[in-house]
Each structure stands twice: as structure tokens, then as C-alpha cells.
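Trainee: okay, sequence plus prediction incoming.
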Amino acid sequence: GNSVTQMEGPVTLSEEAFLTINCTYTATGYPSLFWYVQYPGEGLQLLLKATKADDKGSNKGFEATYRKETTSFHLEKGSVQVSDSAVYFCALRKMGAQKLVFGQGTRLTINP
Amino acid sequence: EPEVTQTPSHQVTQMGQEVILRCVPISNHLYFYWYRQILGQKVEFLVSFYNNEISEKSEIFDDQFSVERPDGSNFTLKIRSTKLEDSAMYFCASSETSGRDTQYFGPGTRLTVL
């Protein structure tokens, strides 16, 4: 079946460090891929998405590239800020389906 | 900016009781969803709803669960005869249409079954 695996958290970094959160997926066909972020006390917000192979999603300095050959969608940011502290969820949606399939989430803490 | 709202933020109930979780989706959206996250586990899809009927549901969504859009603004999830294992964070989401549209999530309702 379809599934998403994220790197284990929690992840703690210093401000201005480089961030990578790994995400790999298992799916038939060509799913759409997403990163959602959840700030404390809030709902999940779409951070970025990519709908086909080699697409790069980007938003707020975050980027992720849809790699079909490695079935990956790793999240990166060149210089993190304290305000990036949140839980990050990788997700997929199979073509033609409505439901999102989520990874387990990665808690990120950025220290000043 | 329009947002999805959910009430209550935290619900505590006794095992065997019925609970109704409420959501107000974004006003021009047509598709509505419920997801849940048991503590320490993944966010799981429960059900999607369109045009006053269920359009997709997971194997989790059995006869214990039901959804309803009782009026033009609310979308509810009813859990009958709650069990300890129903304790979780329940998220409502909505999207303008299906397919490639973004799903917008509410802040969640934490359900605790004692």
C-alpha cells in the first residue's frame, strides 16, 4: 500500500544551521507529494508541494524536490530561524484519491 | 485569511459515551475531511465528504463513526460508544474542490476517553 517514512525526531539545531528532513515514500503510480507544518497550538498548514517527478516545491526558504528514482521528497532549508520550530509532516496523495497519507512527523527545535 | 475552526479544543468523556466533534470549514469549500492522530502515531485519514455524502472512507471509519453537515456551515464527526483507543487528536480539513486542491486543516480537537 501507500506509505510515507520520515526521519526520526526530534531534531535540534542552532539558528542559521542547514536543515534536512528526510522523507521517502512507497506508492504506485505518480502521487503528489506534500510537506505540512504544524506550529504549536495550530492546525497543519501546507508548506509546499510537488505534483510530478523533478518538480521542486518551495516556500518560506524551504525546498523539496520530487525524486522518483529514489522515491524521496527531502525537505531542506539553508538557514533556519527560531520561528521555524514546529512539527513537519511529509505526505502523499495518490492520483485520483482524496486522502492524504502522512509520515509520522518530525519535531524541529531551533535554538538561538 | 479564512481558516478552519474546530470546537471544542479538548473533550474528555467516559468510555461508552457518545461525542460530537464540530468543525466549521472554509465557507466556499465543497470537500470536507476528518483525520486523527493517536499520540505518537501518524496522522490517519478517516473520511471525506462531498455533496452531503461520504466520498471516501478508511477501514478505521466503521459503524461507530458518522459524519454530518447539519447546516450550511458546520461539519460534525460523531463517535458512538467511545472506547479508550479512540483517544486521539481529531483534525478537520476542507478543500475548495477535490483533486489537486490544497486541504486546509483546523487546529484539532483532543479527545480523551477515560
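Mentor: Yep, it's here.
Trainee: run a quick neighbour tally on B:Leu46.
Mentor: Counted with other Cβ atoms under 10 Å in any protein chain shown, the neighbours of B:Leu46 add up to 19. (C-beta placed from N, C-alpha, C; glycine too.)
Trainee: next one: the one 10 residues further on
Mentor: Using other Cβ under 10 Å, B:Glu56 has 17 neighbouring residues.
Trainee: please, which helix or strand holds it?
Mentor: In the assignment (DSSP states H and E), B:Glu56 maps to strand B:53-57.
Trainee: what are the pairing partners of that strand, and which direction each?
Mentor: Strand B:53-57 pairs in its sheet with strand B:43-50 (antiparallel), by DSSP bridges.
Trainee: which other residues reach the partner strand?
Mentor: A:44, A:89, A:91, A:98-102, A:105, B:30-38, B:54-58, B:60-61, B:65, B:67, B:69, B:75, B:77, B:91, B:98 (Cβ atoms under 8 Å, 6 or more residues apart in numbering or on different chains).
Trainee: any idea how far A:Thr20 is from A:Thr65?
Mentor: Separation of A:Thr20 from A:Thr65 (Cβ to Cβ, to the nearest Å): 12 Å.
Trainee: no, scratch that, I was asking about A:Thr28
Mentor: Taking Cβ to Cβ, one finds A:Thr28 at 21 Å from A:Thr65.
Trainee: how about B:Ser73?
Mentor: 39 Å.
Trainee: have a look at the two and say which one is more surrounded.
Mentor: Neighbour count, other Cβ under 10 Å: between B:Ser73 and A:Thr65, A:Thr65 has more, with 17 against 11.
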